[in-house]
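Q: what follows is a predicted protein model with its sequence.
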Amino acid sequence: MKNLSEKIDDANRSLELHDPDENASLADKCVNRLVEAVGVSVLVMIVVVIFANAFSRYVLNYSFSWAEELVQMSMPWLAMTGVFLSVRRGTMIKIDYFFKKIPPRYQPIIAYFGYSLNILILLSMAIVSLEFVFLFGGDEALYVSVPTGFSTSALVWGMAGAAMAYFAEFFRVWKNSNSEKIFSGAKK
């Protein structure tokens, strides 16, 4: 018989190795894999640049002046790919304790309100980020010689993408709840 720590290890391992897109449609899988590829590429680039710069600094006594700036400009892309995927896969941190305390007949209304609020906030943030990109995105980074809009545009894409993902989830929940009402009404 397994002890508690072995059971926890088994549960963690199965959770980590589980395909988060197992029940997703082909289109959803393609979108998620594309965004994953972007996120993984950015992460690998960040790690390679940091290790190459550290190796060069301590072994060769030479530091790449552009390394820190490139890493800083890449971080928003890494963060926004994570936000987008967590919303798409339903793994965004949420607290259901209070939601479950609401009477079941009011839960759909509160859920729709929550989705709508998330969508409005994320779209507002995307618009503000877009204005920021238009104002300051043409400024050139000091060492990398890339417009700073490359970095800050990740916020626009990430917020707009997360808003669209919440909208798709809102529509899916609404469609399923309406079809359940139709089918449950037909059975009676």
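A: Arrived safely, thanks for sending. None of the values given here were measured: they were computed from a predicted structure.
Q: could you pull out the helices for the chain?
A: Assigned by DSSP state H, the helices in the chain fall at 4-17, 26-59, 67-88, 97-101, 107-136, 149-187.
Q: run through the neighbouring helices and strands of the fourth one.
A: Using 3 or more Cβ pairs under 8 Å, 6 or more residues apart in numbering; DSSP states H and E as the contact criterion, the secondary-structure elements in contact with helix 97-101 are helix 107-136. C-beta here means a position set from N, CA and C on the backbone, and glycine is covered the same way.
Q: relative to helix 149-187, how tilted is the helix it packs on?
A: Counting by axes from the mean of the first three to the mean of the last three Cα atoms, to 10 degrees, helix 107-136 points 160 degrees away from the direction of helix 149-187.
Q: N176: neighbour count?
A: When neighbours are counted by other Cβ atoms under 10 Å, N176 registers 10.
Q: start the count at 463 instead of 1 going forward.
A: All right, first residue 463 from here; so that's N638.
Q: how about low-confidence regions in this protein?
A: Along the chain, the parts satisfying pLDDT under 70 run over 463, 477, 479, 640-650.
Q: of the helices of the chain, which is nearest L604?
A: L604 lies closest to helix 529-550 among the helices of the chain, at 6.5 Å (Cβ to Cβ).
Q: helices and strands around the closest one, which ones?
A: Here helix 529-550 touches helix 488-521, helix 611-649, going by 3+ Cβ pairs under 8 Å, 6+ apart.
Q: in it, what's buried?
A: If you call a residue buried by 16 or more other Cβ atoms under 10 Å, then helix 529-550 has these buried ones: 529, 531-533, 535-536, 538-540, 542-547, 549-550.
Q: next: stretch 549-567.
A: 549-550.
Q: next one: that stretch to chain centre, how far?
A: Averaging C-alpha positions (Cα atoms, centre = their mean, to the nearest Å) puts stretch 549-567 18 Å from its chain's average.
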